[in-house]
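*Asks:* all I have is the shape, not the residue letters:
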Ligand SMILES: Nc1ncnc2c1ncn2[C@@H]1O[C@H](COP(=O)(O)OP(=O)(O)OP(=O)(O)O)[C@@H](O)[C@H]1O
């Protein structure tokens, strides 16, 4: 283990592609049993970081320890104890669902009987038992993702790395997949997940970092980040497109902060209803209004000045 029992520890970790610095000296520690999230828009450097942790891409600078070992020198030993779910499914389409699990198990040197039992257990976990002997090709996107996750668990990994596991799935498939991740977390598997779905990160992750342009913009639990970078409530006021800039000065003093988005104003305040009543009393007539609690999306907007697009 690394210092403090961290499963992953990075210090000034850097990744360069030629002149371009995709990861610009980040510090991290991921503790046993937690679900740790990398949150950020496309190009933030999440995948590059994950690939260094998974020992498939060497670091360009800084220190990195995974399961107490150095990926540059002990990559194969680390990988034997990791599960990796890459951003794009790389299942073997010529094989059946079960065969995809079996070839992976053989790669890890599992014995025949153990592999048979393990594959059956994972097919059940992935809800694919009935499809076990079907080819992979016609499976839905959600099924393929569940199979990829099942495959990553064949060696009982201590640490599971998932790069945008739910991107591109419909809401129902996403929910099913996240249920699986909750179950793994309950079973004590340490998870590192990248995502740009804020709601999922908020529910699943014990701690997370917000990445932007190769740097860590903030880190903490979802609750800590919201408390630090947002207000308790947000009042959303929608207006006809293009008119909200003119209204902003009328409501600016009603909130700690106001964000002007293309179709709405966001008023950050401890009391959204009070701000709404005050706006009404000034003659502000939004098309619609909504008071909600702050989310990680608000944290992200505050930190980067941008919204995350799904
Ligand atoms: N092999 C490569 N060669 C050159 N540039 C790369 C390479 N891989 C990534 N990059 C660049 O590094 C930056 C970070 O990419 P990375 O994939 O780590 O971001 P990300 O946060 O995971 O985004 P995404 O959600 O799109 O995967 C991007 O600007 C990307 O274009």
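*Replies:* Cool, the structure landed. Model, not experiment: these values are computed from the prediction.
*Asks:* report pLDDT for the residue lying closest to residue 158 once chain neighbours are set aside.
*Replies:* The shortest distance from residue 158 to any non-neighbouring residue, by CB to CB, 6 or more residues apart in numbering, is to residue 81 (5.3 Å). In short, each C-beta sits where N, CA and C put it, glycine included. pLDDT recorded at residue 81 is 94.
*Asks:* tell me how far residue 81 lies from residue 161.
*Replies:* Using CB to CB, to the nearest Å, we find residue 81 at a distance of 12 Å from residue 161.
*Asks:* and the two? Which one has more around it.
*Replies:* The neighbour comparison of residue 81 against residue 161 (other CB atoms under 10 Å) goes to residue 161, with 26 against 15.
*Asks:* quick one, phi/psi of the more buried one?
*Replies:* When read as degrees, to the nearest 10, the backbone of residue 161 gives phi -110, psi 120.
*Asks:* show me what residue 264 is bridged to.
*Replies:* Here residue 264 sits in beta bridges with residue 238, going by DSSP bridges.
*Asks:* can you count the residues close to it?
*Replies:* If we define neighbours as other CB under 10 Å, then residue 264 has 20 of them.
*Asks:* verify the stated contact: it with residue 240.
*Replies:* No - using CB atoms under 8 Å, residue 264 is not in contact with residue 240; the gap is 10.7 Å.
*Asks:* so what does the longest helix along the chain touch, helix or strand wise?
*Replies:* Using DSSP state H to define each element, the chain has its longest helix at helix 171-186. When contacts are defined as 3 or more CB pairs under 8 Å, 6 or more residues apart in numbering; DSSP states H and E, helix 171-186 packs onto helix 141-152, strand 190-195, helix 198-204.
*Asks:* most tightly surrounded among these?
*Replies:* With neighbours taken as mean count of other CB atoms under 10 Å, the helices and strands packed on helix 171-186 reach their highest mean count in strand 190-195, at a mean of 24.
*Asks:* and it, how far from the chain's centre?
*Replies:* Centroid displacement of strand 190-195 relative to its chain, using CA atoms, centre = their mean, to the nearest Å, is 6 Å.
*Asks:* mean confidence for that strand?
*Replies:* Mean pLDDT, computed over strand 190-195, is 94.
*Asks:* so what are the sheet partners of it and their directions?
*Replies:* Note on strand 190-195: by DSSP bridges, its sheet partners are strand 35-39 (parallel), strand 159-163 (parallel).
*Asks:* tell me the most buried of the ones you listed?
*Replies:* Among the strands paired with strand 190-195, strand 35-39 has the highest mean neighbour count (mean count of other CB under 10 Å), at a mean of 27.
*Asks:* so residue 289 touches residue 234, yeah?
*Replies:* No - Residue 289 lies out of contact with residue 234 (CB under 8 Å); the separation is 11.0 Å.
*Asks:* would you mark the buried spots in the longest helix of the chain?
*Replies:* Neighbour-count burial for helix 171-186 flags 173-174, 176-178, 180-181, 184-185 (criterion: 16 or more other CB atoms under 10 Å).
*Asks:* show residues contacting whichever strand or helix holds residue 246.
*Replies:* Following DSSP states H and E, one finds residue 246 within helix 244-251. Contacts with helix 244-251, where a contact means CB atoms under 8 Å, 6 or more residues apart in numbering, come from 237, 239, 258, 260-261, 263-265, 267, 275, 278-279, 282, 284.
*Asks:* could you do stretch 73-84 as well?
*Replies:* Among residues not part of stretch 73-84, those counted as contacts by CB under 8 Å, 6+ apart are 54-56, 66-67, 69, 71, 108, 152-153, 155, 157-161, 189.
*Asks:* now with 10 Å?
*Replies:* Under the contact criterion CB atoms under 10 Å, 6 or more residues apart in numbering, stretch 73-84 has outside partners 7, 50-51, 53-56, 58, 65-71, 107-109, 148-163, 184, 189, 191-192.
*Asks:* got it, and stretch 89-103?
*Replies:* Contacts for stretch 89-103 (CB under 10 Å, 6+ apart): 104, 110, 112, 115-116, 118-120, 122-123, 126, 128-139, 141, 143-148, 150-151, 153-154.
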